[in-house]
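K.L.:
need a 3D model of the sequence below.
(chains A, B and C)
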Amino acid sequence: MAAERRTLIHWFRKGLRVHDNPALTQIFNKARASPDKFSVRPIFVLDPGILDWMQVGANRWRFLQQSLLDLDKNLKELNSRLYIVRGKPVDIFPNLFDRWNVELLTFETDIEPYAMKRDKAVQDIAAAHGVKVDTHCSHTIYNPEIVVAKNFGRAPITYQKFLSVVEKLKLPKVLDKPQRLPNGVQPIADELEVGQSDVYECPTLDQLVKRPQELGINKFPGGEREALRRLDTSLSDEHWVASFEKPNTAPNSLEPSTTVLSPYLKFGCLSARLVHQRLQEILKRHPKHSKPPVSLVGQLLWREFYYTAASVEPNFDRMLGNVYCLQIPWQERPDHLDAWAHGRTGYPFIDAIMRQLRQEGWIHHLARHAVACFLTRGDLWISWEEGQRVFEQLLLDQDWALNAGNWMWLSASAFFHQYFRVYSPVAFGKKTDRTGAYIRKYVPELAKYPAGCIYEPWKATLADQREFGCVLGIDYPHRIVNHDIVHKENIKRMSAAYKINREVRTGKQEDEIDYDSSMSLTTNKRNASFETKRSTAKRKR
DNA sequence: TTCCCGTTGGTATA
DNA sequence: TATACCAACGGGAA
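P.N.:
Prediction:
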């Protein structure tokens, strides 16, 4: 009798795909082996609690919505479907476990603190309801837990060290999509579905997006189908793949100079393990290929690097109490932060990047470097946490570990320490776009400025500005800081911050430390120094 | 303790 | 286009 069937649930969170999805494949195989015993319910939980954890901008909601629609389609091709459940996991699971007579729950592991807490709670609930839970690590190529264990309980904090650790590890077996379910495994409608046929349907865009005016161009639609298509396109030119070196790609080309697979990897529409396997196959045919850290494989391994580091530090996205992070007395400047976030700094290259980000949800990695350096140690001296928050909202590929890790890198707070290497908001972009075509596209008010001064519009005379149809202070802002002056001051501030951190780290007594050595002492700074001690203590443990 | 190295700086000089 | 220099960091190996 159908009523006696037991339900197998796969819970999608990240990993919005049917290919290379071991947790999904597990329940499909189990149901296929005993089709008269089981029903299969692949679910996605629309969890309002996630908003206490994450900022999600309109473009990112759209990407998720499209990914869910595509996932439902892909599951239907396998004779199943996606069930969207609305509510907090801790509230809805007890109900589902009872109502659906659940035997097994599977999901992909995650290392984000919000996810780990949520998953622990759900596992406890499952245990109380007699539901078995199986988890699989498939968001990353290597299991962060194993990498940490192989490195004697600590995450490697240099890329080279990370490489030496993972080189010894076995690569995962990449799975194809599961085989189609036989007829009869689909669950019969539950009491909620009866008379409410749309109760588990995918959300519409207007259900998710509260401010539709913030929706930009849909240049990178979500979903597994699009992800695999994009992968094929990216890998079609094998010479390009084999010779890829990230630093040689342009941050300001009019069309992306890199693959833009990152949003798909973030949501798991695309398996990093599959990409890795496909790359290895190509590289076998091209013995003289580029290598990590600059190669395409190297890019995947950066992702692994940050995931591993983040997996053992719940404060990875904060300066205070973060074992990796240098304590720096950043300043609060809401006006400057706002100008930066909305592309109104008066530096055309910086503004073009920030506007592209807001419109399209993706910017080149080196463009991220330029704007991140500008916000933090280069020019504005504003905390990387503020930048992280803006990126979190706007980037389609926003991934907690990568976003925080890269912000620490760029602000020279962790992993990278050569703070005297500062990006110029004027010179850096010129290397790959002499004429300023990128600026003309994203800062159209400057479109008539000639190549000679489009990166530095303040060099145009007022008469010229009028002729070019864009007067500074009226049609486009004056620059909010003078880079030539502030970046030198900031290098000194960094030097002082490093000195204090060094002294605290090496155990010099607090009263011996000269906080005033090159800048005035602020409350902020004393707190920062105090927290460093805590971090250091933690690190030694 | 010393020395080398580090995904992707900027600038001047040849 | 390549190289030296700027002023100088931390991690990690020796």
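
K.L.:
now look at stretch A:393-401 and say if it contacts DNA strand B.
P.N.:
No: using C-beta under 7 Å from any atom of the strand, stretch A:393-401 stays clear of DNA strand B, coming no nearer than 13.1 Å. To be clear about C-beta, it is placed using only N, CA and C from the backbone, and glycine gets the same treatment.

K.L.:
the residue lying closest to residue A:426 once chain neighbours are set aside and residue A:464: what is the separation?
P.N.:
Computed as C-beta to C-beta, 6 or more residues apart in numbering, the closest residue to residue A:426 that is not its neighbour in sequence is residue A:455, at 4.8 Å. According to C-beta to C-beta, to the nearest Å, residue A:455 stands 15 Å off from residue A:464.

K.L.:
same check, this time on residue A:488
P.N.:
Using C-beta to C-beta, we find residue A:488 at a distance of 29 Å from residue A:464.

K.L.:
the residue in chain A positioned nearest to DNA strand C - how many residues pack around it?
P.N.:
At 3.6 Å from DNA strand C, residue A:417 is the closest residue in chain A, using C-beta to the nearest atom of the strand. By other C-beta atoms under 10 Å, 13 other residues sit near residue A:417.

K.L.:
check residue A:247 too.
P.N.:
Using other C-beta under 10 Å, residue A:247 has 8 neighbouring residues.

K.L.:
wait, it sits on residue A:294?
P.N.:
Yes: when contacts are counted by C-beta atoms under 8 Å, residue A:247 is listed as touching residue A:294 (6.0 Å).

K.L.:
so where's the longest helix in chain A?
P.N.:
Criterion DSSP state H: the longest helix present in chain A is helix A:483-505.

K.L.:
that helix packs against which elements?
P.N.:
If contacts are counted by 3 or more C-beta pairs under 8 Å, 6 or more residues apart in numbering; DSSP states H and E, helix A:483-505 sits against helix A:523-540.

K.L.:
mind checking the pLDDT average for the helix it packs on?
P.N.:
The average pLDDT within helix A:523-540 is 36.

K.L.:
DNA strand C contacts on chain A?
P.N.:
Taking C-beta under 7 Å from any atom of the strand as the measure of proximity, chain A contacts DNA strand C at A:156-158, A:161, A:417-420, A:495, A:498-499, A:501-502.

K.L.:
ok, of the residues you listed, which one's closest to residue A:128?
P.N.:
Taking C-beta to C-beta as the measure, residue A:128 lies nearest residue A:156 of those, at 38.2 Å.

K.L.:
I'd like the distance between the residue of the stretch 201-350 of chain A found nearest DNA strand B and residue A:296.
P.N.:
As assessed by C-beta to the nearest atom of the strand, DNA strand B sits closest to residue A:247 within the stretch 201-350 of chain A, at 3.0 Å. Shown here: residue A:247 relative to residue A:296, a distance of 13 Å by C-beta to C-beta.

K.L.:
if we can go back for a sec, shared neighbours, residue A:247 and residue A:294?
P.N.:
When contacts are counted by C-beta atoms under 8 Å, 6 or more residues apart in numbering, residue A:247 and residue A:294 have no shared neighbour.

K.L.:
below-threshold pLDDT in chain A: ranges please.
P.N.:
Applying pLDDT under 70 to chain A flags residues A:1-3, A:508-541.

K.L.:
show me which residues of it sit near DNA strand B.
P.N.:
With C-beta under 7 Å from any atom of the strand as the criterion, chain A comes near DNA strand B at residues A:158-160, A:246-247, A:293-294, A:298-299, A:302, A:365-366, A:369, A:409, A:416-418, A:420-424, A:427-428, A:431.

K.L.:
just the ones in helices from these, please.
P.N.:
The helices, defined by DSSP H, take in A:159-160, A:298-299, A:302, A:365-366, A:369, A:409, A:427-428 from the residues of chain A next to DNA strand B.

K.L.:
check those residues and tell me the two furthest apart.
P.N.:
Farthest apart among those - using C-beta to C-beta - are A:160 and A:427, which lie 29.1 Å from each other.

K.L.:
if we can go back for a sec, among the ones in helices among the residues of chain A next to DNA strand B, which ones are buried?
P.N.:
A:298-299, A:302, A:365-366, A:369, A:409, A:428 (16 or more other C-beta atoms under 10 Å).

K.L.:
if we can go back for a sec, any idea which of the residues of chain A next to DNA strand C is the one closest to residue A:344?
P.N.:
Residue A:344 lies nearest to residue A:419 out of the residues of chain A next to DNA strand C, by C-beta to C-beta, at 26.2 Å.

K.L.:
in contact with that closest one, which residues?
P.N.:
Residue A:419 makes contacts with A:377, A:412, A:491, A:494-495, A:498, as judged by C-beta under 8 Å, 6+ apart.

K.L.:
kindly indicate the member of these with the most neighbours.
P.N.:
Counting neighbours by other C-beta under 10 Å, the top entry in the contacts of residue A:419 is residue A:377, with 28 neighbours.

K.L.:
follow-up on the earlier one: right, and the residue nearest to residue A:426 touches residue A:437 too?
P.N.:
No: the pair residue A:455 and residue A:437 fails to qualify as a contact (C-beta under 8 Å) at a distance of 11.9 Å.

K.L.:
ok, back up a step: how about the residue of chain A closest to DNA strand C: what's its closest non-neighbour residue?
P.N.:
Spatially, and ignoring its direct neighbours in sequence, residue A:417 is nearest to residue A:498 (7.7 Å; C-beta to C-beta, 6+ apart).

K.L.:
surely that neighbour meets residue A:326?
P.N.:
Yes: shown here, residue A:498 and residue A:326 form a contact pair, counting by C-beta under 8 Å, at 7.1 Å.

K.L.:
that older thread, of residue A:488 and residue A:464, who's got more company?
P.N.:
Remark: of residue A:488 and residue A:464, residue A:464 carries more neighbours, 16 against 10, as counted by other C-beta under 10 Å.

K.L.:
so the residue nearest to the more buried one when sequence neighbours are not counted: helix, strand or coil?
P.N.:
Leaving aside its sequence neighbours, residue A:464 sits nearest to residue A:453 (C-beta to C-beta, 6+ apart; 7.9 Å). Three-state assignment for residue A:453 (DSSP: H, G, I helix; E, B strand; the rest coil): coil.

K.L.:
now do the one 10 residues further on
P.N.:
Secondary structure, three-state DSSP: residue A:463 is helix.

K.L.:
again with residue A:241
P.N.:
Using three-state DSSP, the secondary structure recorded for residue A:241 is helix.

K.L.:
tell me who's in contact with the residue lying closest to it once chain neighbours are set aside.
P.N.:
In this structure, residue A:241 finds its nearest non-sequential neighbour in residue A:282, 5.2 Å apart by C-beta to C-beta, 6+ apart. Going by C-beta under 8 Å, 6+ apart, residue A:282 touches A:235, A:238, A:241-242.

K.L.:
mind doing that once more with 10 Å?
P.N.:
A:235, A:237-239, A:241-242, A:289, A:296 (C-beta atoms under 10 Å, 6 or more residues apart in numbering).

K.L.:
report the buried members of these.
P.N.:
Neighbour-count burial (16+ other C-beta under 10 Å) applied to the contacts of residue A:282 gives A:235, A:241-242, A:289, A:296.

K.L.:
in JSON lines, list these along with distance to residue A:177.
P.N.:
Formatted as JSON lines, the buried ones among the contacts of residue A:282 follow (distance: C-beta to C-beta, whole Å):
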{"residue": "A:235", "distance to residue A:177": "19"}
{"residue": "A:241", "distance to residue A:177": "24"}
{"residue": "A:242", "distance to residue A:177": "28"}
{"residue": "A:289", "distance to residue A:177": "29"}
{"residue": "A:296", "distance to residue A:177": "24"}
